[in-house]
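**Q** Need a 3D model of the following:
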Amino acid sequence: MRIAAFILLFFWASSVAMAQSPSVFKTARTETGPVIEFIDGDYVLADGIVSLPESGWTRAKTPHIYRMQDTDWRTGDFHSLWGRFSFERAALGNTPIALYTVSTRNQFTVFVNGNEIFRNYASAGDQKNSWYRPFLIPLPESSLKPGRNDIAIRAISQDSVGIGRVVVGSHPPIQSLFSEQYFWRITLPTVANSAMLVLGGFAFLLWMGRRQESELLYFAITTLLWYLRNYQYFAGTTPFHLPLFNALTVAATYFTLVATFGFYGSYLKLPRTRWIVLALLVFGIPLHIIHWQFRLSNTYLYVPATMIALAIAIFGFRDFLRKPALGNALLFLVMFVIPMTGIYDFFLAVGGSGWNGNDSYISLFTGFLSSVAFLLTFGQRSVRAFAGLENANITLEQRIAETRAELAESEAARQQLVIGGAIATERERLMQEMHDGIGSNLITALAVARQQKQPASTIKTLRRALADLKITVDSLEPVEGDLVALIGNLRHRMAGDLSDAGITCKWNAQRCGPLPWLDATNALHVLRISGSHWQCPDAFGCDRDADWLHGRGS
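**A** Numbers count the residues shown, from 1 in each chain. Here you go, the predicted structure:
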């Protein structure tokens, strides 16, 4: 009995000594001062206790997290975790010092030597969301003392509760650590996901004008779901009821990948894409209801989501092999990165160092990467379309110019036809007037002169006038510059008179091309000159003894 009591006393004394001994930490020297990162600390779950507990402390590794899937807690119930860390003031020199912590969730208060120096909430009703957010907390010199100093952190949460990474050191290196972590964990995800949401809105506006391109609508929905899924990383507070926010955040992972499959399937023109998306939705909705109702592990949702992501990557790889273009390669790489980052983050979330706060998640950037890849691919396709449109406009302008030229030529030809018709009508009228008027009068006068046996000179003058009238009428006939046709017509006109005069002519004509200057006026001159030669055979070199000339002459 005494031995058992001694053993129990020994273990109690050992535990008290361990709880009161300084925390284990590692020290790093920087150019601006030393830095201490705590490897372990003393922890105690103390719900409802607002002052530093006096008992129940246990030594454990830091970070120290109680995850919801490892407990029987329900979201919405408050739980409180205390953590205590000790260090020697002399180990940090005489410079101002600060504390850095990350993944301490969710409302937390910092005490130094029993004095409260910081809290990240104003009232108990504030729904702070600090599980991924870094904090920089200056330690007032007035709260410190020579020798050993104790830092106590009280974390309260309606979800998983824990105290994350804890680092104390000279203010400049702590400030540098905080700035770097804040950029990668908060600033960059906020900017990337906001830009992704803007691209989704732009895609939705494009879809409003091009309803046939369903990938634009899927892309807009995908960006919205990616933003909802990633909002938990950079949101400072929970925007509405915590259980509902957690449920939507978890569900967004699955439905984001369903929308991503719809987008990529529509982009690749995969058959039955809509039916596959509908089947995944029909499967996913009851799956999430069962998960929420029976409080199952998130693994039940992440496994099918990862399978969808892998299917997207396989389809992308197959399309890249068929059409190895730059845009297809870029989209395939992004679709391959999505499941890989999801698997990496999943192993961190189920117990890796990342879930405990020492590493960063990377899947929160995949939505932005897919948006950029789509933007570049869509931009490349748009550039090709604009180039084709520009070429089409150039071709259209050329065709319009050609058509205008043809219309101008057609109009000129029509005008020529109108003018030619008017000239022909007027020529016909003049010819008719000369034939019916002057011609009839000359014939009558010639007949009367012969009947009255007028002098030969009178008859000859009348005959010349009649012949000249015939030549004038012939000059009005359109010959289109054909001199041979013009002379042939003259021969036909003069054949009767020459025959009556006992003159026989031998016709010897050679080919002559069209003469542009041979219009009606010049045709009349040619006919008069030729007619004068016909009426005076000697002018042609007529010889009564020649082989071609027979008769008595003129």
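**Q** can you tell me how far the residue nearest the centre of the chain sits from residue 216?
**A** By C-alpha atoms, centre = their mean, the mean C-alpha position of the chain lies nearest to residue 378, the distance being 3.2 Å. Going from residue 378 to residue 216 by C-beta to C-beta, to the nearest Å gives 9 Å. Quick note: C-beta positions are derived from backbone N, CA and C, even for glycine.
**Q** Export only the CA atoms of whichever strand or helix holds residue 229, formatted as CSV.
**A** Taking DSSP states H and E as the definition, one finds residue 229 inside helix 214-234. The C-alpha coordinates for helix 214-234 follow below in CSV (Å, rounded to 0.1, in the frame of the first residue of the first chain):
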residue,chain,number,x,y,z
SER,A,214,-22.7,26.8,-72.7
GLU,A,215,-19.1,26.6,-71.5
LEU,A,216,-19.3,30.3,-70.7
LEU,A,217,-22.2,29.7,-68.3
TYR,A,218,-20.5,26.7,-66.7
PHE,A,219,-17.4,28.7,-66.3
ALA,A,220,-19.3,31.6,-64.6
ILE,A,221,-20.9,29.1,-62.2
THR,A,222,-17.6,27.4,-61.6
THR,A,223,-15.9,30.7,-60.5
LEU,A,224,-18.8,31.5,-58.2
LEU,A,225,-18.5,28.1,-56.5
TRP,A,226,-14.7,28.3,-56.3
TYR,A,227,-15.1,31.6,-54.6
LEU,A,228,-17.6,30.2,-52.1
ARG,A,229,-15.4,27.2,-51.4
ASN,A,230,-12.2,29.3,-50.9
TYR,A,231,-13.9,32.1,-48.9
GLN,A,232,-13.1,30.3,-45.7
TYR,A,233,-9.4,30.8,-46.2
PHE,A,234,-9.3,34.6,-46.3
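**Q** What average pLDDT does the following helix or strand past that helix get?
**A** Later in the chain than helix 214-234, the nearest helix or strand by DSSP H and E is helix 242-268. In this model, helix 242-268 carries a mean pLDDT of 90.
**Q** Could you tell me the angle between helix 242-268 and helix 214-234?
**A** Angle of helix 242-268 versus helix 214-234, following axes from the mean of the first three to the mean of the last three C-alpha atoms, to 10 degrees, is 150 degrees.
**Q** List the buried residues for helix 242-268?
**A** Buried positions in helix 242-268, judged by neighbour count with 16 or more other C-beta atoms under 10 Å: 242, 245-246, 248-268.
**Q** tell me which residues in the helix holding residue 229 are buried?
**A** For helix 214-234, the neighbour count (16+ other C-beta under 10 Å) marks 214-234 as buried.
**Q** same question, stretch 458-472
**A** Across stretch 458-472, burial judged by 16+ other C-beta under 10 Å covers 462, 463, 466, 467, 468, 469, 470, 471, 472.
**Q** Identify the spatial nearest neighbour of the first one, chain neighbours not counted.
**A** For residue 462, ignoring the flanking residues on the chain, the nearest one in space by C-beta to C-beta, 6 or more residues apart in numbering is residue 446 at 4.4 Å.
**Q** what's next to the helix or strand hosting that neighbour, contact-wise?
**A** Using DSSP H and E, residue 446 sits in helix 440-451. Outside helix 440-451, the residues within contact range by C-beta atoms under 8 Å, 6 or more residues apart in numbering are 458, 459, 462, 463, 465, 466, 469.
**Q** can you check stretch 165-175 too?
**A** 28, 30, 32-38, 41, 62-63, 83, 85, 87, 92-93, 95-104, 136, 138-139, 151, 153, 177, 356-358.
**Q** ends of it, how far apart?
**A** In stretch 165-175, first residue to last residue: 15 Å (C-alpha to C-alpha, to the nearest Å).
**Q** what is the mean pLDDT for that stretch?
**A** Stretch 165-175 comes out at a mean pLDDT of 94.
**Q** now the helices for the chain?
**A** Secondary structure of the chain by DSSP state H: the helices cover 2-20, 171-182, 188-209, 214-234, 242-268, 273-293, 299-322, 326-349, 353-356, 366-433, 440-451, 456-475, 483-500, 520-535.
**Q** Convert the C-alpha atoms of the third one to PDB, please.
**A** To tie it back to what came earlier, the one meant is helix 188-209. This file holds the C-alpha atoms of helix 188-209, laid out as PDB (Å, rounded to 0.1, in the frame of the first residue of the first chain):
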ATOM      1  CA  LEU A 188      -2.800  36.700 -52.600                       C
ATOM      2  CA  PRO A 189      -5.800  34.400 -52.200                       C
ATOM      3  CA  THR A 190      -8.100  37.400 -51.800                       C
ATOM      4  CA  VAL A 191      -6.800  39.100 -54.900                       C
ATOM      5  CA  ALA A 192      -6.700  35.800 -56.900                       C
ATOM      6  CA  ASN A 193     -10.200  34.700 -56.000                       C
ATOM      7  CA  SER A 194     -11.700  38.200 -56.500                       C
ATOM      8  CA  ALA A 195     -10.100  38.400 -60.000                       C
ATOM      9  CA  MET A 196     -11.500  34.900 -60.700                       C
ATOM     10  CA  LEU A 197     -15.000  36.100 -59.700                       C
ATOM     11  CA  VAL A 198     -14.700  39.100 -62.000                       C
ATOM     12  CA  LEU A 199     -13.700  36.800 -64.900                       C
ATOM     13  CA  GLY A 200     -16.700  34.700 -64.100                       C
ATOM     14  CA  GLY A 201     -18.900  37.700 -64.300                       C
ATOM     15  CA  PHE A 202     -17.400  38.700 -67.600                       C
ATOM     16  CA  ALA A 203     -18.000  35.100 -68.900                       C
ATOM     17  CA  PHE A 204     -21.600  35.300 -67.800                       C
ATOM     18  CA  LEU A 205     -22.100  38.600 -69.700                       C
ATOM     19  CA  LEU A 206     -20.600  37.000 -72.800                       C
ATOM     20  CA  TRP A 207     -23.000  34.000 -72.400                       C
ATOM     21  CA  MET A 208     -26.000  36.400 -72.300                       C
ATOM     22  CA  GLY A 209     -25.100  37.400 -75.800                       C
END
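**Q** same for that helix, what does it pack against?
**A** helix 214-234, helix 366-433 (3 or more C-beta pairs under 8 Å, 6 or more residues apart in numbering; DSSP states H and E).
**Q** tell me the contacts of residue 61?
**A** For residue 61, the contacting residues are 39, 40, by C-beta under 8 Å, 6+ apart.
**Q** For it, list each beta-bridge partner.
**A** Applying DSSP bridges to residue 61 yields these beta-bridge partners: residue 40.
**Q** And it, how close does it get to residue 151?
**A** Taking C-beta to C-beta, one finds residue 61 at 17 Å from residue 151.
**Q** Pipe the buried residues of stretch 458-472 into JSON lines and attach distance to residue 401 and pLDDT per row.
**A** Formatted as JSON lines, the buried residues of stretch 458-472 follow (distance: C-beta to C-beta, whole Å; pLDDT from 0 to 100):
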{"residue": "462", "distance to residue 401": "62", "pLDDT": "75"}
{"residue": "463", "distance to residue 401": "61", "pLDDT": "75"}
{"residue": "466", "distance to residue 401": "56", "pLDDT": "72"}
{"residue": "467", "distance to residue 401": "55", "pLDDT": "72"}
{"residue": "468", "distance to residue 401": "52", "pLDDT": "73"}
{"residue": "469", "distance to residue 401": "51", "pLDDT": "73"}
{"residue": "470", "distance to residue 401": "51", "pLDDT": "72"}
{"residue": "471", "distance to residue 401": "48", "pLDDT": "70"}
{"residue": "472", "distance to residue 401": "46", "pLDDT": "72"}
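**Q** which residues does residue 183 contact?
**A** Residues counted as contacts of residue 183 (C-beta under 8 Å, 6+ apart): none.
**Q** now the one 3 residues further on
**A** With contacts defined as C-beta under 8 Å, 6+ apart, the neighbours of residue 186 are 133, 134, 233, 234.
**Q** you'd agree the last one is up against residue 189?
**A** Yes. At 4.8 Å, residue 234 counts as touching residue 189 under the criterion of C-beta atoms under 8 Å.
**Q** Who's the closest spatial neighbour of residue 439, skipping the chain neighbours?
**A** That would be residue 469: by C-beta to C-beta, 6+ apart, it lies 5.7 Å from residue 439.
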